[in-house]
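Chemist: next comes the sequence, and after it the predicted model I'd like to discuss.
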Amino acid sequence: TLRLIYTTTAVQRKNVGASGPEKYTEEFIKKQIEEFNLGKRHLANMMGEDPETFTQEDIDRAIAYLFPSGLFDRHARPMMKHPTAIFPEQRKIQWGEDGRPFHFLFYTGKQSYYSLMHETYEKLLHAQKYQDQLTAQDLPPEKKERNLAGSRWLTKIELEEMLLEKLSDNDYSRFIQLLQKLMTLPCGDIEEKYIQKFFKEVPVQLEKAVIEPLKYDERGVAFSTGEGIRKTSRATVVVYDNGTGKITVNGIDVLHYFPVLQDREQLLFPFQFLDRVGKHDMICTVSGGGRSSQAGAIRLASAKALRSFVTEKEMEFMRQAGLLTVDPRVRERKKPGQEGARRKFTWKKR
Amino acid sequence: LDHGYALHTAAKDCLSSVVSQDVQTLAERPRGVFYTSENDPAKHTEQHVGRHYSIPLEEVKAVFPHGLPYRFQQQIKTFNEACLMVRKPALELFTYLKNSNFAHPAVRYVIYGEKGTGKTMTLCHVVHYCTRQGWLVLHIPDAHLWVKNCRELIKSSYKEERLDQPLQASVWLKNFKASNERFLKEIKTQKTYVWGKQESTEEGRPLGEVVEQGLARVRNASDAVGVVLKELKQQCQRGSFRLLVAVDGVNALWGRTTLKREDKSPVSPEDLTLVYNLRKMMMNNWNGGAIVTTLSQTGSLFKPSSAYLPQELLGKEGFDALDPFVPIPVPNYSPREFESCYRYYLDCKWLQHEQARTEAGKEELRFLSGSNPRQLERLAGPL
């Protein structure tokens, strides 16, 4: 006979949050990969291209073409990527059919982290033993110069990704300290390969803006071009040497194009800063935006063009004066529920 | 047309005003390279280009009761002296006027240029020159004033469809009297003019009486103006005096007006007595004088602000009416002229800012004003 046990509904309800993210089985992933490849070939056929040499970029372009979307968020638009990129890597089930875990450190909770620490410490001991051996043989310890400047350790997030489990800050710092201790020893090639896994090349330093050399036109006059942006205006400027300070904008004289003094002052600024007020001629084309933003765009473009005429020190001064930076201020979007970008509706007490 | 870039040197520079009220000493005080003591425009030559010359204040009142631009009048009050710069277009005009043959029909000169380059000032220079030479000057300060902003329009008593403008006419008559006193006594009318039931001017009376009549009876002022113009035109042909017709803003005569009749129908320029008579003066069917005119976009109606060529501003009608004419372009300041104007302001202590005195400041002013006289003047104001 069955006895009905009285339980509350609260207990019976499954606690969805505690079970963690959905687990995908291996066969599921494999099936997804097969479907993806098939879909890729179909897509290549549709676009009339060769299915064999259809790369991920081609796929992206094809999808953007077939399913145009006006959504602003890139991640919300339709996309077709390899399943490994979409489904996050997950830990496979860590125990066998009899319930016994595979790894000996499973019950510590962070098995991969501890196993990693274990391995690293082993390497450390090995290096110390090697050093002892060398001193015993009275040979000078080998010390190889490693280039630390261009590389960095893995970040915590990268380490988490590698180990597929969460780490705490403390754990991470302990690991890095261990690695650094290992590095200080005169270890040599043996541990080199192991440590390489945890190094990352820092990408090349901020490229210094390339200064273009001066170009010479038919008359032998030196000139240089520059482009500038401000709000919605785009300006291109050609600055000629040996000039009288004449400026032409879109084929119109500057006095007619910018009747307001403020705009002309903006144009004057780069030249005045470099004390070259009447020495250069300028021909500009500008489009978009309003009067003030066009003036700002031309100012930026002319400052960029003048870089070719100027020494590095002066260029540094210009940069510090803010003549070479693009003004990032753009019009802020109006939000719903408010009258403007910031202005709220009149608040009425009742 | 390029012959003789008249030596407009230093019209402005003639500041080494011997006759200036500030300087009581008789000795010529050279105020700098950019001043000339030549006060007589007739003697201005190419050496004087870019220099300032001053006009004594009494002469200013006599010669230009109404001719100078408003800002220049303010400048005269501030500096207590009237200084004009001698520039090439004016000198060019002088050579033409000197070499013109007065037996031929009057030649028309049209001074044109972009906004604020000094057309009106050139015209004033020419007027001064002619007054010194002893010509009778018919100076209309701004024809645009006659075709817009008129409060009173009366039906003309002379011709039915036409409209009179008593206020403008009387103002002009007053100024005309102030500038050409002696001529008015000498010239005699050749016809009898009947103004009303009791008033009439007999033949042989001096022209001054016609002017008085116009001033006294404001209703007939416009007709008085018409009479004056007609008489002068007829008598000039005899050669007893030279007549200079100087009109500023001549494109107003052939454009549109902003005036409306009582029934809200628009008025075209021919319907205005003043304009009609002036148009008759502008025809080149008389000899013994010259007509110098200026185009002006500033006061013009219904014309885009970038228009400055005769074709655009005069319209087809005006162009045909004025054709053939001698065009005289007035450009922005040349570097030398700019230099001289800048020195003038410095000398008058008009530029007070410390940086304005430096070389860098000068370059800045040059850049920002684009060597445009008007812009420079406006820029120098707050400094």
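Modeler: Received, thanks. Numbers count the residues shown, from 1 in each chain, chains lettered A, B, ... in the order given.
Chemist: what is the burial count for B:His66?
Modeler: If you count neighbours by other C-beta atoms under 10 Å in any protein chain shown, B:His66 ends up with 17. C-beta here means a position set from N, CA and C on the backbone, and glycine is covered the same way.
Chemist: same check, this time on the one 5 residues further on
Modeler: Look at B:Arg71: counted by other C-beta under 10 Å, it has 12 neighbours.
Chemist: was I right about it contacting B:Glu377?
Modeler: Yes. When contacts are counted by C-beta atoms under 8 Å, B:Arg71 is listed as touching B:Glu377 (6.7 Å).
Chemist: give the contact list for B:Glu161.
Modeler: B:Asp271 (C-beta atoms under 8 Å, 6 or more residues apart in numbering or on different chains).
Chemist: now do A:Ala295
Modeler: So A:Ala295 contacts A:Phe258, A:Gln262, A:Asp263, A:Arg264, A:Gln266, A:Leu267 (C-beta under 8 Å, 6+ apart).
Chemist: strands of the chain, start to end?
Modeler: Using chain A. With DSSP state E as the criterion, chain A has strands at A:151-153, A:199-201, A:215-216, A:222-230, A:233-240, A:247-249, A:252-253, A:281-287.
Chemist: my bad, the chain I had in mind was chain B
Modeler: Here chain B has its strands, by DSSP E, at B:13-14, B:52-55, B:82-85, B:107-112, B:136-140, B:154-155, B:163-164, B:193-194, B:200-201, B:243-248, B:289-294, B:326-329.
Chemist: out of those, flag the one nearest B:Tyr344.
Modeler: Ranking those by proximity to B:Tyr344 (C-beta to C-beta) places strand B:52-55 first, at 5.5 Å.
Chemist: so where's the stretch 251-350 of chain A uncertain?
Modeler: Applying pLDDT under 70 to the stretch 251-350 of chain A flags no residue at all.
Chemist: need the residues of it near chain B, please.
Modeler: A:253-256, A:261, A:264-265, A:268, A:271-272, A:275, A:277-278 (C-beta under 8 Å from any C-beta of the partner chain).
Chemist: can we see that at 10 Å?
Modeler: A:252-259, A:261, A:264-265, A:267-268, A:271-272, A:275-279 (C-beta under 10 Å from any C-beta of the partner chain).
Chemist: still on that earlier bit, how about the strands of chain A in a markdown table, adding mean neighbour count?
Modeler: Listed next are the strands of chain A as a markdown table, based on neighbours: other C-beta atoms under 10 Å in any protein chain shown:
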| stretch | mean neighbour count |
| --- | --- |
| strand A:151-153 | 14 |
| strand A:199-201 | 13 |
| strand A:215-216 | 12 |
| strand A:222-230 | 20 |
| strand A:233-240 | 22 |
| strand A:247-249 | 21 |
| strand A:252-253 | 14 |
| strand A:281-287 | 19 |
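Chemist: tabulate those strands (JSON lines), appending distance to B:Asp271.
Modeler: Shown next, in JSON lines, are the strands of chain A (distance: least, C-beta to C-beta, whole Å):
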{"stretch": "strand A:151-153", "distance to B:Asp271": "88"}
{"stretch": "strand A:199-201", "distance to B:Asp271": "88"}
{"stretch": "strand A:215-216", "distance to B:Asp271": "62"}
{"stretch": "strand A:222-230", "distance to B:Asp271": "52"}
{"stretch": "strand A:233-240", "distance to B:Asp271": "48"}
{"stretch": "strand A:247-249", "distance to B:Asp271": "43"}
{"stretch": "strand A:252-253", "distance to B:Asp271": "38"}
{"stretch": "strand A:281-287", "distance to B:Asp271": "46"}
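Chemist: any idea which of those gets closest to B:Leu91?
Modeler: It's strand A:252-253; of these, that one is closest to B:Leu91 (C-beta to C-beta) at 25.6 Å.
Chemist: what domains does the record give for the chain?
Modeler: All of this refers to chain A. Taking the TED database as the criterion, chain A consists of the domains A:26-85, A:106-201, A:215-321.
Chemist: can you look at chain B instead?
Modeler: Chain B breaks down into these domains under the TED database: B:41-329, B:335-381.
Chemist: how long is the shortest one end to end?
Modeler: Same thing as domain B:335-381. Start and end residues of domain B:335-381 are separated by 20 Å (C-alpha to C-alpha, to the nearest Å).
Chemist: try the longest one
Modeler: Start-to-end span of domain B:41-329 (C-alpha to C-alpha) is 20 Å.
Chemist: repeat for stretch B:94-108
Modeler: 13 Å.
Chemist: distance to chain A added to the strands of chain B, as JSON lines?
Modeler: What follows is these, written out as JSON lines (distance: least, C-beta to the nearest C-beta, whole Å):
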{"stretch": "strand B:13-14", "distance to chain A": "23"}
{"stretch": "strand B:52-55", "distance to chain A": "23"}
{"stretch": "strand B:82-85", "distance to chain A": "19"}
{"stretch": "strand B:107-112", "distance to chain A": "16"}
{"stretch": "strand B:136-140", "distance to chain A": "28"}
{"stretch": "strand B:154-155", "distance to chain A": "40"}
{"stretch": "strand B:163-164", "distance to chain A": "36"}
{"stretch": "strand B:193-194", "distance to chain A": "49"}
{"stretch": "strand B:200-201", "distance to chain A": "51"}
{"stretch": "strand B:243-248", "distance to chain A": "22"}
{"stretch": "strand B:289-294", "distance to chain A": "20"}
{"stretch": "strand B:326-329", "distance to chain A": "15"}
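Chemist: lowest average pLDDT across the ones you listed?
Modeler: Mean pLDDT across those is lowest at strand B:13-14; the value there is a mean of 38.
Chemist: which ones are touching residue 78?
Modeler: If you meant another chain, say so; for now it's chain A. A:Ile63, A:Ala64, A:Leu66, A:Phe67, A:Pro68, A:Ser69, A:Leu71 (C-beta atoms under 10 Å, 6 or more residues apart in numbering or on different chains).
Chemist: actually it's chain B I care about, not the one you picked
Modeler: B:Thr78 neighbours (C-beta under 10 Å, 6+ apart): B:Cys348, B:Trp350.
Chemist: now the one 4 residues further on
Modeler: Residues in contact with B:Ala82 (C-beta under 10 Å, 6+ apart) are B:12, B:15, B:17, B:20, B:53-57, B:59-61, B:64, B:68, B:72-73, B:75-76, B:124, B:128.
Chemist: mind doing that once more with 6 Å?
Modeler: B:Ile55, B:Val60, B:Ile76 (C-beta atoms under 6 Å, 6 or more residues apart in numbering or on different chains).
Chemist: elements contacting the longest helix seen in chain A?
Modeler: Criterion DSSP state H: the longest helix present in chain A is helix A:111-136. Judged by 3 or more C-beta pairs under 6 Å, 6 or more residues apart in numbering or on different chains; DSSP states H and E, helix A:111-136 is in contact with helix A:169-184, helix A:189-196.
Chemist: any chance you could list what contacts the first one?
Modeler: Outside helix A:169-184, the residues within contact range by C-beta under 6 Å, 6+ apart are A:Tyr113, A:Thr120, A:Leu124, A:Trp153, A:Lys156, A:Phe198.
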